[in-house]
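[1] what's the 3D shape of this:
(chains A, B and C)
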Amino acid sequence: MIGAPEGLWATARSSHDPWRPAERRRERPERRRERPERRRERPERRRVASGVQTGRRRYHRNVADTPELQAPLIHARGLTKCFGTFTAVDGIDFDVAPGEAFGFLGPNGAGKTSTMRMIGTVSPVTSGELTVFGLDPARDGARIRARLGVVPQADTLDNELSVLENLLIYGRYFGLSWSESRRRAKELLEFVQLTERSNDKVEPLSGGMKRRLVIARSLINEPSLLLLDEPTTGLDPQARHLLWDRLYRLKQRGVTLCLTTHYMDEAEQLCDRLVVMDQAKIVAEGSPRQLIDKYVTKEVLELRFNRADNETDDSAHLGNRLEGLAERVEQLPDRVLAYTADGEAASAKAHERGLRPASVLVRRSSLEDVFLRLTGRSLVE
Amino acid sequence: MVLGVRLGRPGAVASRRSLRFLEHNLLVFRRGWFNYLLAGISQPFLYLIAMGIGLGLYVNRNGGLPGGVPYLDYIAPALLVTQAMMAAAFESAWPIMAKIRWDKTYEAALNTPLETMDLLLGDLMWIAFRTTLLSVLFLAVIVALGAAASPLVVLAVPVAVLTALAFAAPIMAFTATQDGDGGLNAVFRFGITPLFLFSGTFFPIEKLPPFLQPVAWVTPLYHGVAAARALALGQVEPVGMTVHLAAIAFVFLVGIVAGRIALTRRLVV
Amino acid sequence: MLAVRISPPRILSRPALIVQRNMLVYRHSSMVIISGFFEPLFYLFSMGFGVGSLIGNVSLGNGTSVSYAVFVAPALLASAAMNGAIYETSNNFFYKLKYAKLYDAIISTPMSLTDVARGEVMWALLRGSLYAIGFLAVIAILGLAGTGLMSSPLGLLAFPASMIVGYGFAGAGLAATTFVRKWRDFDYLQLAIMPMFLFSGTFYPIDAYPPALQVFVQCTPLYRGVHLIRALTTGTPDPVLLIDVVYLLAMGTIGLAITSRRLGKLLLS
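    You can find the predicted model right below:
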């Protein structure tokens, strides 16, 4: 496989991360080995710390209590963004620690992009507190951006320039010399597997290639924090997996990832920790596994009925007949979801009660179910 | 909302960063500079020949201009200024619209340490560079045709470039407020074209109906044309020249302030 | 079930569907259409009256002598007809052909390529006729006000005449655009249009040229258009008008035929 030369990210981390304590920087291998443990510990602590509290307050208290997470790369309290009378982001709290992959999951219009733009210092904070690398975006925008990589939702490539030139000039914006910019550009094109297209125009590239080029561009300044706004929306499955692979490698090299997505599988693949956003607020926070454990059961039984059956069985009636079958039952327009620890058993019980669905599916719960539980709506409409 | 606009800090750092943004345009310009110069110079050149020499025959025969100034000499400095103005107006309309909306090049640049002011100044410098190229080329044509009475005509080039910037800055500001290019078309149809035709380019503004003369007076193109013509004909009056240059510079500076506000409102929301 | 039988539109009305489609597009940006009406008027006032005040009378070559405004007004009408037709059939047509892939969608319906070509010409003419009517109305009003701009009722024939000019250039414009590969190529089209606009006897009589050049200019389509319309508005018709009409009609028809064939190569391959 083609990967970026090791040197690139090694130097990036040591020289660009003053927020990381010195000794940890030296002992990188140990720290990595520790991380899975730390993650396993956290649910325990959370339960202790949170008790029966609900809502977002719990999280920042928990975050503050966790020693590893002091000096976060991004720190937000009561972060709010209004456009006129419309509130796009409504008093959210979160912290992103060095080296973690942090996700904002939510439907379109939940406020994810507004949040990302505030972090990227290209959108003024309306109220609340936000620091990035411990700096204030309103005052130190240029200093923050110097250490940030940004992959915006739309590909903002320069169609008048070639693939390589797009990277070259972007490096110049960061104050790199031409020769240094060229050296990094070539390495990055290698990293995103676009070397053969170096001298091509941008326009004829496929969607996946453009996306990879934008990612390469965002890495030209060897950022310690990479912001990705819906990195794989609109890509075919193959292109998505290639992108995920590259992002995973970056994460392994210690680049902090902060991304938004409305795909559960993407969040599950990439994120150590995520927040679920809905209608400008954070409605839940945790690792993908934690969220599933906390809000839904292990398995889901999906039943689809023929339309004729639905017409005879009015929904209240159907609900009655499923009563007690599972811990929770959700009726969607096209199917019924029964949340239970044992899907097969529930399916058998449904059959005993005389239900004759057109199709039956037992599957593991996903973040989609979490979202449905939290908001009563599905994620992708 | 005005208070919420992040204006950044101008100064030394900003100008160095805007130079970086200028490089972007140079990189694009490496391709197609020949076409640009050809297209840019051919139109004023053709006007110079058709109007200055062809139509000039009839004007001179009639003894139309006061002081017996040949018509070619009369319109040559004016065309020098108007071609720079036209080029700058175009450059600050569609290409800027593309950078803001269609290609989102500005958005990408703002994710780096660059600020809106860097983009604005970088692109204005770029326009200054291109209009200087065009103007020098056109000056060579004027001199070759023997259409300049005074060596001071050389100074008409900076006047042309300054006039061009006095159009570029406010038009960039306007472009930043637009969602589509309908408004840009209107600027050209109702702004640039009438100015080209009525700002003393082809005939003295004294020939305009009296109520229109004050209108011509407040447009920067009139002042640019008048200043360039005075230089080319070697008829410089210190007071008049100062007024002309001050008027152009004033519009330019207002345009920069407006451009900065408009771009910031557009991009940093 | 849908029991409605869908019959293909009749052959004669099919090009009109292209026109209807374009009208739908411009319904949202009528400003673009309306603003085009003002450009020839700006030129009329600037050149005809402004520069005209420096010139006095111009000889028509047949013994009559008219004011400069009377001389230049018909030329501006012919130029406007040319510009309108060229603009609509160059940039706009190219965009629809190459970028919007509009015709790829249209030819998968009962519409044929000839319908497309005819429809686009009809549209260009419709748009041109709006400008011609507007311009002629202004000329007529000014003529009644005593400027002599329209001294003969024959002047009303300038309207169909400008349609013929538009038809000739629309057909040629479409044909030329089918050979265009990239936007930059339109610079070369401008290099043909611009000199025609300035040198075809539009702004001054061509007797200023050496005889060989005069013959060359007389062969250009815009010269024929200017000659046709000028003869009508000044009330000085001569048999040569027949040559003008045949020339322009042939240009448009040949252009249309080439366009249909080229579209077949481009879209049905």
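
[2] what's the local residue count around A:P124?
    19 (other CB atoms under 10 Å in any protein chain shown). No exception for glycine: its C-beta is placed from N, CA and C like everyone else's.

[3] sorry, wrong one. I was asking about A:G175.
    Other residues within reach of A:G175, judged by other CB under 10 Å, total 16.

[4] I'd guessed it sits against B:E23; true?
    No - look at A:G175 against B:E23 with CB atoms under 8 Å: they stay out of range, at 11.5 Å.

[5] now stretch C:228-239: buried residues?
    C:L228, C:I229, C:R230, C:A231, C:L232, C:T233, C:T234, C:T236 (16 or more other CB atoms under 10 Å in any protein chain shown).

[6] could you find the lowest-pLDDT member of those?
    Lowest in pLDDT among the buried residues of stretch C:228-239 is C:T236, which has 85.

[7] which residues touch that residue?
    When contacts are counted by CB atoms under 8 Å, 6 or more residues apart in numbering or on different chains, C:T236 touches C:L60, C:N62, C:T64, C:R230.

[8] with B:I41 instead?
    Neighbours of B:I41 in contact, by CB under 8 Å, 6+ apart: B:Q83, B:L134, B:L137, B:F138, B:V141.

[9] again, only this time at 10 Å
    B:I41 makes contact with B:Q83, B:A87, B:L133, B:L134, B:S135, B:L137, B:F138, B:A140, B:V141, according to CB atoms under 10 Å, 6 or more residues apart in numbering or on different chains.

[10] as a markdown table, those residues with pLDDT would be great.
    Formatted as a markdown table, these follow (pLDDT from 0 to 100):
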| residue | pLDDT |
| --- | --- |
| B:Q83 | 94 |
| B:A87 | 92 |
| B:L133 | 93 |
| B:L134 | 93 |
| B:S135 | 95 |
| B:L137 | 93 |
| B:F138 | 94 |
| B:A140 | 93 |
| B:V141 | 93 |
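
[11] what about chain A: which of these touch it?
    Among these, no residue is within reach of chain A (CB under 10 Å from any CB of the partner chain).

[12] which residues of chain A score low on pLDDT?
    A:1-70, A:307-320, A:378-381 (pLDDT under 70).

[13] can you give me the strands in it?
    Counting by DSSP state E, residue ranges of the strands within chain A are A:74-83, A:86-96, A:101-105, A:127-132, A:148-151, A:225-229, A:256-261, A:273-278, A:281-286, A:299-304, A:328-331, A:336-340, A:359-364.

[14] turn those strands into CSV, including distance to B:Y222 and mean neighbour count.
    Converted to CSV, these look like this (distance: least, CB to CB, whole Å; neighbours: other CB atoms under 10 Å in any protein chain shown):
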stretch, distance to B:Y222, mean neighbour count
strand A:74-83, 41, 19
strand A:86-96, 45, 20
strand A:101-105, 55, 26
strand A:127-132, 48, 18
strand A:148-151, 45, 26
strand A:225-229, 48, 24
strand A:256-261, 53, 25
strand A:273-278, 56, 24
strand A:281-286, 57, 22
strand A:299-304, 75, 21
strand A:328-331, 72, 16
strand A:336-340, 74, 23
strand A:359-364, 75, 13
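
[15] would TSV of those strands with distance to chain C be doable?
    Compiled in TSV, these are given as follows (distance: least, CB to the nearest CB, whole Å):
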stretch	distance to chain C
strand A:74-83	25
strand A:86-96	26
strand A:101-105	35
strand A:127-132	39
strand A:148-151	27
strand A:225-229	27
strand A:256-261	31
strand A:273-278	35
strand A:281-286	38
strand A:299-304	27
strand A:328-331	32
strand A:336-340	32
strand A:359-364	28
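
[16] could you list the low-pLDDT ranges of the stretch 1-150 of chain C?
    C:1-12, C:27-29, C:32.

[17] where along it do the helices fall?
    C:14-27, C:30-35, C:38-43, C:52-55, C:68-87, C:93-94, C:102-106, C:113-142 (DSSP state H, counting those that start in this stretch).

[18] again with the stretch 1-150 of chain A
    For the stretch 1-150 of chain A, the helices defined by DSSP H, counting those that start in this stretch cover A:6-16, A:22-26, A:28-50, A:57-65, A:112-119, A:137-146.

[19] list the contacts of the residue nearest the centre of chain A.
    Centroid-nearest residue in chain A: A:G103, 2.5 Å away (criterion: CA atoms, centre = their mean). Counting by CB under 10 Å, 6+ apart, A:G103 touches A:96, A:112, A:228, A:257-261, A:266-276, A:288, A:367.

[20] nearest residue to the closest residue to chain B within chain C other than its sequence neighbours?
    Nearest residue of chain C to chain B (CB to the nearest CB) works out as C:L54 at 3.1 Å. Spatial nearest neighbour of C:L54, excluding adjacent residues (CB to CB, 6 or more residues apart in numbering or on different chains): B:G64 at 3.1 Å.

[21] which secondary structure state is assigned to that neighbour?
    coil (DSSP: H, G, I helix; E, B strand; the rest coil).
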